[in-house]
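Peer 1: sharing a model that was predicted from the sequence below.
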Amino acid sequence: MPDQLIFAMEVFLNGLMAGVLYALVALGFVLIFKASGIFNYAQGVMALFAALTLVGVMEGQVPFSHLVNAVLGTEIHHFGWHVPALLAIALTMLVMIALAWAVNHFVFRHLVNQEPIILFMATIGLAYFLEGLGDIMWGADIKKLDVGLPQGINTIIDEYTYNLFDYGFFIDNLDIVATLIAAVLVAGLIVFAQYTKQGRAMRAVADDHQAALSVGISLNWIWVMVWSLAGFVALVAGIVWGTKSGVQFSLSLIALKALPVLMLGGFTSIPGAIVGGLIIGVGEKLFEFLIGAPYLGGATENWFAYMLALLFLVFRPQGLFGEKIIERV
Amino acid sequence: MRKMFMTAALGAALAAGPALAELVVPDLSYRTGPYGANGIPFSDGYQDYFTLVNERDGGVGGEKIRIAECETGYNTEKGVECYEATKDEGSLVYQPLSTGITYQLIPKTAADGIPMHTMGYGRTSAKNGAVFRNVFNYPANYWDGASHAITHILNENDGDISGRKIALVYHNSAYGKEPIRTLEELAKKHGFELMLLPVDHPGQEQKSQWLQIRREKPDNVIMWGWGVMNQVAIQEAVNIRYPMDQFIGIWWSGSENDVKAAGDGADGYKALTFHNLGDDYPLYDDMRKYVVDAGKAAGAGDQVGSVLYNRGMYAAMLAVEAIKTAQELAGTSNITSEQMRDGMEALEITEAKMAALGLPAFGPEFKVTCENHGGDGYGAVSQWDAAAGEYKLITDYYQSDQEVIGKLVAEDSAAYAEENGITPGCD
Amino acid sequence: MFYREAGDFKTSYAEDNQTFPIKFDRYRYYAVLAVAFLVIPFIVNDYWLNAVLLPFLIYAIAAIGLNILTGYCGQVSLGTGGFMAVGAYACYKLMTAFPDISILIHVVLAGGITAAVGVLFGLPSLRIKGFYLAVATLAAQFFLVWLFNRVPWFYNYSASGQISAPERTVFGVPVTGAETSAWAVYLVCLVFLTASALIARNLTRGMAGRKWMAIRDMDIAAEIIGVDPLRAKLSAFAVSSFFIGVSGALFFAVYLGAVEVGEAFGINKSFLVLFMVIIGGLGSIFGSFAGAAFLVLLPVLLKNLLVGSLGWPTDVAAHLELIIVGALIVVFLVAEPHGLAQLWRVAKEKLRLWPFPH
């Protein structure tokens, strides 16, 4: 086989993996948009906040220590204990649930029936708030996150493909784990939405708020649940991306990688987020490999993802799996 | 509109600054935002040194130094706001720690007659002081850095690197593009092949770039990164098992933050530097005694001895030495920003001076003149030792290829002078 | 008490149709203009100019532009940063290519070029709606920034890829470059802002504006009553991009003097201008002013309060600033989802009857 083709296969596989990572972030957007029509700009910041909290809990950091030290002149930083990863994840999840409740109680409960753009704006306020809160609680330095996810080249694939093509493919172990996690997550969400009482209630709310309300479903409860789920997805995304690059401010920018995925997959479809992620991941990586790097000077991935999504939208304005837009006058 | 003016009036009342102190040194720091993790140690070091001088020596020449800190968040607009907010307090010298803010401030500082010190960043051609009267970038600049990296590779390979393939992984911004011209010139001179790999801000996804490196196997990789890009790049290099000792970062890609996340795999990673590392200096005993243990540290006090802390402290040390020089020249201890400029232009750093300060061999020796605001371009290479958790210098300070760089500096500064109607001159 | 329409008789259609039909409003408007043109230039200093007034004036132009597109025509756009970059680079190329022509003309031409680019990226709006369109405009944002970073022609092959504005004068007074005086720079931006607001106000209450609003409220219904969606949407993109281009040109040439595209015109700028429009009030020119003032002034004010007056560490203050801005956005939305402009309208309604509301 010609080298170029083998390389393209490697790029393709890595694109798939990157796509899964994007999809992980996109899932959180989809959950909230589906159930409440809110385009949650704060999803990326939630991932950052969750990861910061996780590291803080694991390391036994004192929350707000910097603020307390600045105001009271004390010198406290750590409790001096280390919490095992699983327990820390559970504790962080509790924080995310509390956050979900607070978000619903203080913000969105008061904004029922507002236009989508107003709700979008409120999530921007939320994003600012969480960004400041996360930093002030846990500090702005870079933190290493290690919950035991493996990282580095997968030697099995490397050797196997080397025997096959004389060129070992590079696949990151972390990406493989992330793919497994994403698969479990999506399967779990689908089972939850299709087969459990709460899941059905959630879908009912997504379909029609008022009808759901009239058959006795509590909107508040469903929304808290949806935001908690989104918080959970954010935590997972935060763990995977945080393991990759350390936990720091830039983690909140991963939301930008999820937006083209959303456009392409449709804002309302969970499978769409996955398929969209895969298409975007493969598309941008292959474009960079075939055209971007050799002819355009590189760094084309950011805009190409959006262009690709735009191209799809021109033919299918609701995204690949989005609900068909029916307009009535 | 009316409401706005009312708020504006309220703001004016609030903005009325505190009383003038003797010597004001502004610190345009960034402790928040995407690059906050790097801004914190630099600013801590910068401020702690001034605090030390105040506490231990009672200031410089009997004049206390007041630090006016202003948070920029690495944002140019906030940087301009900070500049305007602090300049009327009698600020002596600016150290914005951002190439973007530097470009904003070059014309402004020229108009206001306030010097700016862009140590190892900013506009490289500011080395030509005949054009950039108020900007100083001693002891080394980006183009020196590019040359240092190549010289290091030359030395490792017995002076012959023709036919080698060298990749530059760079932040796709003005900062990251700085070394390209120099590297292209050097590629012509030494006959190596240059491969350019831009990474877009913020740089969390670099799979494409590192797959390309894995495929095309460049013999060396040079990196011009900042922020999260550094951590991801080093992690990816570890992942593809790139030999770390062939991987050289510029000094802004060489802090502990950048390598720690990658763990043991990052062992052997090299980074350039223009000052010494670690805290094994007499000065640090004073620093601990007078500043950190006395509870007067600018930050949490946990950064002492880290690479960026040392760099910030080194910048403050150079500023204090320039103030001393300026005080001698002006014959008064209460100097103005113009006198400070003259002091910086007459600054001379010798080994004896550094040893007297408790920082023996901390940086290269250099002498600033009007024609040369950039020092002599000495730098060194450090290497990360993952087991010990610290960078170690592995070379002496050596000079960059002045022949190539001098020509580029002359070209670029002449273009700037022409574009902006400046007549180069030293009087 | 003062704010009455009783006794304010109109005797011609022209009078009836004026922008400020109530006498008190009109005088207030004249007073604001007089203060802005005749008082502030004499008292403005560098700090107020660069920290508050210039960003406010320039962002207000951008917000007016985006408000036309998003508030009046209902097309959410996140490409503002990219379009501002087009204005800035067009202005830079024009300034350096034709140094003898007045900078004012260059700024207007830069707006025109941006309008053309805006129309191009507005084409997908004919198919794509709502948030899908918003995300689609991000394609413009990222592509344009990449383009200006990538192609050296745009930055005249300078070594670092930054563009910096050479000195240009208006009536012999420098308005760009290093040697500017605060009042001149302020007046140039103020003139552009006033002109933009007047044009926008009169466009939006005329035929074009009504078409845009019809499209916003229900595009299919609008089509049925004879509004051509193609022309309405594209004209909104063109007009909006024109203003955004002008603001981008001013932002680069007059305010910052040197910019780097990714940093100055990145995605954050797009979001910032959108925030201004929504906080200020969609579909309101006053709202654009209010939103720009809110987001420019509030951080400066908070910073001066927390750092300057209370003496807190700058990083704690910066974080608190984010928390407070975020919380205020939410509080405002909960109190009044239609923005500051709506609050202002409600206040005016109340004032009309005050002090005898019954």
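Peer 2: All right, it came through fine. Residues are numbered from 1 along each chain as shown, chains lettered A, B, ... in the order given.
Peer 1: how about the contacts made by residue 80?
Peer 2: All of this refers to chain A. residue A:60 (Cβ atoms under 8 Å, 6 or more residues apart in numbering or on different chains). Quick note: C-beta positions are derived from backbone N, CA and C, even for glycine.
Peer 1: that answer is for a different chain, and I need it for chain B
Peer 2: Counting by Cβ under 8 Å, 6+ apart, residue B:80 has contacts B:101, B:104-105, B:108, C:50-51, C:256.
Peer 1: that one sits in which helix or strand?
Peer 2: Per DSSP states H and E: residue B:80 is located in helix B:76-87.
Peer 1: can you give the distance of that helix from its chain's centre?
Peer 2: For helix B:76-87, the gap between its own C-alpha mean and the chain's C-alpha mean amounts to 19 Å (Cα atoms, centre = their mean, to the nearest Å).
Peer 1: and if you look at stretch B:138-147?
Peer 2: Using Cα atoms, centre = their mean, the distance from the centre of stretch B:138-147 to the centre of the chain it belongs to is 10 Å.
Peer 1: of the contacts of residue B:80, which belong to helices?
Peer 2: Within the contacts of residue B:80, residues falling in helices by DSSP state H are B:101, B:104-105, B:108.
Peer 1: of those, which is the nearest to chain A?
Peer 2: Sorting the ones in helices among the contacts of residue B:80 by distance to chain A puts residue B:101 at the head of the list, at 18.3 Å, by Cβ to the nearest Cβ.
Peer 1: which residues touch the residue lying closest to that closest one once chain neighbours are set aside?
Peer 2: With sequence-adjacent residues excluded and distances taken as Cβ to Cβ, 6 or more residues apart in numbering or on different chains, residue B:101 is closest to residue B:79, at 3.5 Å. Neighbour list for residue B:79: B:28, B:72, B:96, B:98, B:100-101, B:104-105 [criterion: Cβ under 8 Å, 6+ apart].
Peer 1: could you report the distance from residue B:79 to residue C:297?
Peer 2: When Cβ to Cβ, to the nearest Å is applied, the distance between residue B:79 and residue C:297 equals 18 Å.
Peer 1: flag every residue of the stretch 51-200 of chain A that's near chain B.
Peer 2: Taking Cβ under 8 Å from any Cβ of the partner chain as the test, the list of the stretch 51-200 of chain A residues beside chain B reads A:66, A:69, A:73, A:75, A:77, A:135, A:140-142, A:144, A:151-153, A:170, A:172.
Peer 1: so which of the residues you listed also contact chain C?
Peer 2: Among these, the residues within reach of chain C (Cβ under 8 Å from any Cβ) are A:66, A:135, A:140.
Peer 1: closest to residue B:259 among those residues?
Peer 2: Of all those, residue B:259 sits closest to residue A:140, with 18.9 Å by Cβ to Cβ.
Peer 1: phi, psi for the nearest residue to the closest one once chain neighbours are set aside please.
Peer 2: Nearest in space to residue A:140, with sequence neighbours left out and distances taken as Cβ to Cβ, 6+ apart, is residue B:36 at 4.0 Å. Phi and psi for residue B:36, reported as degrees, to the nearest 10, are phi -60, psi -40.
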